[in-house]
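Asker: Next come a sequence and a model predicted from it.
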Amino acid sequence: MSANGQPAPLLRLEGINTYYGQMHILQDVNLEVREGELVCLLGGNASGKSTTLKTILGIVEPRTGAVILDGRDVTRDSTAKRIERGLAIVPENRRLFGPMTVLENLELGAYLRPRADLQEDLERVYSIFPLLYERRKQLAGTLSGGEQQMVAMGRALMARPKLLLMDEPSMGLAPVLVERSFEVIQEVHRAGVAMLVVEQNANVSLSIADRGYVLSTGRVVLEGKASELLTHDELRKAYLGR
Amino acid sequence: MDWDKLVQLIVNGLTLGGVYALVALGFSMVYGILKLLNLAHGDVVMVGAFIGWGVLGWLGGAQDPAVAVWLLITLMVLAAMVGCGFIGVAIERFAYRPLRRAPRIAPLISALGVSFFIQNSVLLLFGANFRSYESFDLVDVGIGISWGPLNVWILRVVVFVSALAMMLGLWLLVTRTKLGKAMRATAFDREAAAMMGIDVDRVIVRTFFIGSALAGAAGVLIGLVFGSINHFMGFGYGLKGFTAAVVGGIGSIPGAMLGGLLIGLAEALSVGYIEDVTGRIADLTGGRFPRLGSQFSDLVVFLILIGFMLLRPQGILGKREVKKV
């Protein structure tokens, strides 16, 4: 807890400006995720959502601004160093290690965890996704899309993150699986893990989030409580289409 | 049918194949993780052979070894493995890492440069003469396995068995250990591996160390069985190792082992039979086709390579690369 009684921010982006060559992609982006919070980052195609995540992960380096993770400036640190600070990600398109088994994928999620905790972490993930236990010896690349999504989420949870990033969890999934994904997100959130969910699907994500940010052409154009954003006229017009 | 000859050729082929497989493994591992053809890999084999030769001389030479022969051979192999491992790490650090984000042709040219650099450094240090391990003095040629048509010099057995043992060790490392999992993950998707907290640079360095150490071991084994070494030998062994890696399926570790043995056997059998076969063909066709001597065995090896490139470019165990959109 910080002085003003609010939970301390786990992640803070301060005045981020990111360029791809000459193109100014992120323009003075400020964003915060506090402990235990579920924050969603909304925006359409080419709004800068992915670049924001890449900046948080250190895959893209900002020209100016700072990335603060758990109180430390990690702007110049490698991706692996940032993961060490308690970050985990369910990447877009899941990015599973296809030629490796489900179990090996989960073990890789726990790469930085002490080996002694591996069994316990596995059992925890299996209790959330019992199917993964049945499929543990199968190659991840041979699973269906929904099953792969479970592996990707399970793999991220194996890291016991303080902050979990989710990139487009609903993308390419059947509606029933989208629902299941968001149920799991809520479950994980209730267990006290802070989350940043990047989504195009504003309705579903705002309905479960605490706060939200809306990106448009690289700028944060709206931010606030999720409940307020849900009823916000401009957002409704732009995203919810009614 | 001359069974004794066939058995002898198979024994030769397996020895050669074991060595080729070790070289192919390094090619394949580095290709798997960086998608880079490490053209300097053959020269690392050559340096390994020279390190082994240096240790041999330092410990009294083949005629008068200061320690037991088994210990001497072990020390030679270990020294070459460690020395070449560090050379591999240095090559990665200075010749490839600065070009990690460059177009793929740049590290390839850099690799060629490293190859010339190593060859000429050894030429400068040791001269152009062939050096000999004098293996027949080290281990008497009469000592070995003798069973029916099978007559194998013990040193060949040692070479084949130690090549197999190293391959088995590598297989266990890659499939069972945390480093092995990190290596496979990095080879499959470097960015996703970093997202798991894997220090990708460190994994790449270790891959180079292991691949180059196997090349170093191969260099000593070559010196032990085939006797003479020189600064230019890396080119030939590198090319054969590369062929083995491609035929087996580049990027695949079991593929490299299989490809190595296949190429070794093909070479040995063509050394033994190319004269008979081309002679028979020449007789039947009234001399329309040339008679070839055993020095043309490489022709067969590289015809196999070309055949694979045309008919099964992914190799025996490789997977066809699917372009992702």
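Answerer: Right, received. Where do you want to start?
Asker: Remind me what the helix or strand harbouring residue A:166 packs against, helices and strands.
Answerer: In the assignment (DSSP states H and E), residue A:166 maps to strand A:163-167. On a contact count with 3 or more C-beta pairs under 8 Å, 6 or more residues apart in numbering or on different chains; DSSP states H and E, strand A:163-167 meets helix A:49-57, strand A:87-90, strand A:194-199. For glycine as for every other residue, the C-beta is placed from the backbone atoms N, C-alpha and C.
Asker: who does the last one touch, helix- and strand-wise?
Answerer: Contacting strand A:194-199 under the criterion 3+ C-beta pairs under 8 Å, 6+ apart are the following elements: strand A:9-20, strand A:23-34, strand A:38-42, helix A:49-57, strand A:163-167, helix A:175-190.
Asker: Could you dump these into CSV and include mean pLDDT and mean neighbour count?
Answerer: Supplementary listing: the helices and strands packed on strand A:194-199 in CSV, determined by pLDDT from 0 to 100; neighbours: other C-beta atoms under 10 Å in any protein chain shown:
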stretch, mean pLDDT, mean neighbour count
strand A:9-20, 93, 19
strand A:23-34, 94, 19
strand A:38-42, 94, 25
helix A:49-57, 93, 23
strand A:163-167, 94, 25
helix A:175-190, 87, 16
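Asker: how near is residue B:6 to chain A?
Answerer: Taking C-beta to the nearest C-beta, to the nearest Å as the measure, residue B:6 falls 39 Å from chain A.
Asker: Need the pLDDT of that residue.
Answerer: What the model reports for residue B:6 is a pLDDT of 91.
Asker: That one: neighbour count?
Answerer: 14 (other C-beta atoms under 10 Å in any protein chain shown).
Asker: what about it, helix or strand, and which?
Answerer: Counting by DSSP H and E, residue B:6 is part of helix B:3-34.
Asker: Who are the packing partners of that helix?
Answerer: helix B:41-58, strand B:150-153, helix B:154-176, helix B:178-188, helix B:200-226, helix B:233-248, helix B:253-284.
Asker: what's the angle between it and helix B:154-176?
Answerer: 30 degrees (axes from the mean of the first three to the mean of the last three C-alpha atoms, to 10 degrees).
Asker: Only the buried residues of stretch B:186-197, if you could.
Answerer: Buried positions in stretch B:186-197, judged by neighbour count with 16 or more other C-beta atoms under 10 Å in any protein chain shown: B:186, B:187, B:188, B:189, B:190, B:192, B:193, B:194, B:195, B:196, B:197.
Asker: ugh, wrong one, stretch B:115-126
Answerer: Going by neighbour count (16+ other C-beta under 10 Å), the buried part of stretch B:115-126 is B:115, B:118, B:119, B:122.
Asker: where's the second one relative to residue B:112, distance?
Answerer: What it means is residue B:118. 11 Å (C-beta to C-beta, to the nearest Å).
Asker: Which neighbours do those two have in common?
Answerer: Common neighbours of residue B:118 and residue B:112, counting by C-beta atoms under 8 Å, 6 or more residues apart in numbering or on different chains, are residue B:40.
Asker: do you know how far residue B:319 is from residue B:250?
Answerer: Residue B:319 is 11 Å from residue B:250, by C-beta to C-beta.
Asker: now do residue B:259
Answerer: As judged by C-beta to C-beta, residue B:259 and residue B:250 stand 9 Å apart.
Asker: And for residue B:31, nearest residue in space, chain neighbours not counted?
Answerer: residue B:250 (5.1 Å; C-beta to C-beta, 6 or more residues apart in numbering or on different chains).
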